[in-house]
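Trainee: sharing a sequence plus its predicted fold:
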Amino acid sequence: MAEDRKVLARGLRRRDPELLNGLIEQYQYRLFRYLLYLTASPETAEDLFQETWIRVLDRGHQYDGRARFETWLFAIARHLVVDLHRRKTPQSLEALTEDDRGEPLEFAATGPSPLDLFAQHQSEESVRLSLERLPAVYREVLLLRFQEDLALEEISGVLDAPLSTVKSRLYRGLQALRELLERRVL
């Protein structure tokens, strides 16, 4: 596994086009879905998707192979989203819970994931609406953990936050999601 990462790092340093095409093919669905959830705009997600791969190509020499590639990839994408919102308005990622009109963000339907499987036991609509109501910092951790299946240490790398912060956001996010779902059921 570590050897594969080192081979990947060498390929990125060489700017190997075949390697990049393989990576895009392997991660395109997950990366686009992640960006779509963060931005709630297919057009913006598409722009950021392309910009993420441009950054991977331009900065491939920075990937050293110590962490999983997807951790590095999602960190690049997240930084682009944060940069976009900093340029747009002087708000933090927590302010992403509402769009410019003041309405809750809408999430696009995605393929099966751990969150989707959970939604089958509850009401899919209830879960979607409850996720929309969560603060962005909790929603992002829940999506990275359960939809993207990243380990807590990897989420810590993506968010550039201490592991303890990731754990507390995950715990609080799950607790808040549970409370929202219970209120919907009653």
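Mentor: Received it, and whenever you're ready, just let me know what you need.

Trainee: okay, now the spatially closest residue to His61 that is not a sequence neighbour: neighbour count?
Mentor: Computed as C-beta to C-beta, 6 or more residues apart in numbering, the closest residue to His61 that is not its neighbour in sequence is Arg13, at 4.8 Å. Quick note: C-beta positions are derived from backbone N, CA and C, even for glycine. Arg13 is flanked by 13 other residues according to other C-beta atoms under 10 Å.

Trainee: give me the element Arg13 is part of.
Mentor: Element membership for Arg13 (DSSP states H and E) is helix 2-14.

Trainee: contacts for that helix?
Mentor: 19-20, 56, 60-61, 63-69 (C-beta atoms under 8 Å, 6 or more residues apart in numbering).

Trainee: show the buried residues in the residues you listed.
Mentor: Burial of the contacts of helix 2-14 was assessed by neighbour count (16 or more other C-beta atoms under 10 Å); the buried members are 19-20, 56, 60, 63, 65, 68-69.

Trainee: which two from those residues end up farthest apart in space?
Mentor: Leu20 and Arg68 (17.0 Å; C-beta to C-beta).

Trainee: and Ala67, how close does it get to Arg5?
Mentor: Distance of Ala67 to Arg5, given as C-beta to C-beta, to the nearest Å: 8 Å.

Trainee: what's the pLDDT at the residue nearest to the spatial centre of the chain?
Mentor: When the chain is reduced to its mean C-alpha position, the closest residue under C-alpha atoms, centre = their mean turns out to be Tyr34, at 4.0 Å. For Tyr34, the model assigns a pLDDT of 90.

Trainee: next one: Pro104
Mentor: Reported pLDDT at Pro104 in the predicted model: 51.

Trainee: secondary structure element for Leu142?
Mentor: Short version: Leu142 belongs to helix 136-142, going by DSSP H and E.
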